[in-house]
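Student: A predicted structure for the sequence below; I have some questions about it.
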Amino acid sequence: MTRPDSLDRYRLLGRSGLRVSPLSLGTMTFGSDWGWGADAAEARRIFDCYVERGGNFVDTSVNYTNGASERILGGLIKDRRDRIVLATKFTMAREPDNINSGGNHRYNMVRSVETSLRQLDTDRIDLLYVHAWDFTTRPDEIMRALDDLVRAGKVLYLGICNTPAWRVAELQTLADLRGWAPLVALQIEYSLVERTVEHELLPMAQAMGLGVLPWSPLGGGILSGKYGRADLSDENGADVASNRRGIIASTGHLNQRSLDIADVVGEVAQELGASRAQVAIAWTLAHPAIVSPIIGARTLAQAGDNLGALDIVLADDQRARLDAASALAPIFPQRFIGRPMAQQLIFGAGGWQGASDACAACTTARFQLKHPVRAPEAAR
């Protein structure tokens, strides 16, 4: 069974010594510039709710709600800056008509960091993410430029999002070999409706010392029961939709399989007397690579409900049902080397007891492993 937790039961972030809460507060919903976010007053209520419970890990991006997210957040953290671990990101274009205002090259990286520092009204960024792989900038340019920002004191720690596992491994190896600042965090989509990251990204993160922060642990709201069969859509527009349903549809998750998984989440939630959202987040927290799922709420009620996931205890049979409903077919090479014939060829007729299990565990591990750092009473 999983164990209940609390926001002030801190965890180490990857290979760093930085202590962070087991749930992060996402602020893509701060600001109404995209048509569906929280206004400044509601954002303050959400932020206060999170911090008053011991939360210390807040996530944003230079481009969220056209900069409004960072500006709102900057005002909220002003009087408690040193108690907040502040994460932001660069890559996404700040000016759609400026070709160099997006991408991972040094020019955009430096300009984006300077923009974030102004919008957040702060002297440093505690954790800076590469927001996505741009398929054009060389790895050495990225890692050297990131290291320069760390050496300049503008950034303290580094992370990466939405990038292939082999590329992250290359970047981390390059940093280690050159003595540059390493990556300590990996932000990727992970939920009951998006488990393909278990094939390579999660095992890579564990091996390379990156703490994983899942975004969209509710599958964009699908797992919370927000959408039904009437909402099924294969919409795939290039523009950011003006409503949440359009955004979720563009991810490809608004399909029959996702709704079937959501039904099982609902069954478990009813058994526990919990919300569907709490069950979905609790399931995500159980993976050993996960440090701090990112919750994003538009209302105080949603934020409070999401934080309640830390109180949820999933029984082994309930977790097994959720696993089964969302199970993935193995991919190569695990599909091949995990089978009896390949195992015999590798280990001989005597075999190695547990070899198949070890192979399977590299992609589907579902064990509880935590590194709690309880805050002293006086520091809470």
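Tutor: Alright, I've got the coordinates.

Student: low-confidence ranges in the stretch 201-350 of the chain?
Tutor: Residue ranges of the stretch 201-350 of the chain with pLDDT under 70: 233-250, 350.

Student: Any figure for the gap between the residue nearest to residue 328 when sequence neighbours are not counted and residue 32?
Tutor: Leaving aside its chain neighbours, residue 328 sits nearest to residue 195 (5.3 Å; criterion: CB to CB, 6 or more residues apart in numbering). C-betas here are computed from N, CA, C, even on glycine. Per CB to CB, to the nearest Å, residue 195 is found 33 Å from residue 32.

Student: ok, which stretches of the stretch 51-200 of the chain are strands?
Tutor: Taking DSSP state E, counting those that start in this stretch as the test, the strands found in the stretch 51-200 of the chain are 57-59, 85-90, 125-130, 155-161, 183-189.

Student: Does residue 223 belong to a helix, a strand or coil?
Tutor: Here residue 223 is recorded as helix under DSSP: H, G, I helix; E, B strand; the rest coil.

Student: now do the one 3 residues further on
Tutor: Secondary structure state of residue 226, per three-state DSSP, is coil.

Student: Give me the neighbour count for it.
Tutor: Using other CB atoms under 10 Å, residue 226 has 17 other residues around it.

Student: Repeat that for residue 117.
Tutor: Using other CB under 10 Å: residue 117 sits among 19 other residues.

Student: and the gap between it and residue 130?
Tutor: 17 Å.

Student: the helices in the stretch 51-200 of the chain, which residues?
Tutor: 68-77, 106-120, 139-151, 165-178 (DSSP state H, counting those that start in this stretch).

Student: tell me the contacts of the most far-flung residue of the chain relative to its centre?
Tutor: No residue in the chain sits farther from the centre than residue 349, which is 42.5 Å out by CA atoms, centre = their mean. Contacts for residue 349 (CB atoms under 8 Å, 6 or more residues apart in numbering) come out as none.

Student: thinking again about what came up before, correct me, but the residue nearest to residue 328 touches residue 331?
Tutor: No. With contacts counted by CB atoms under 8 Å, residue 195 stays clear of residue 331, the gap being 11.8 Å.

Student: And these two? Which one has more around it.
Tutor: Comparing residue 195 with residue 331 by other CB under 10 Å, the one with more neighbours is residue 195, at 19 against 12.

Student: confidence score at that one?
Tutor: Looking at residue 195, its pLDDT is 98.

Student: Residue 374 too?
Tutor: 47.

Student: Tell me, how many residues neighbour residue 110?
Tutor: Residue 110 has 16 neighbours, counted by other CB under 10 Å.

Student: That one and residue 155: what is the separation?
Tutor: For residue 110 relative to residue 155 (CB to CB), the value is 11 Å.

Student: now swap in residue 213 and tell me
Tutor: 17 Å.
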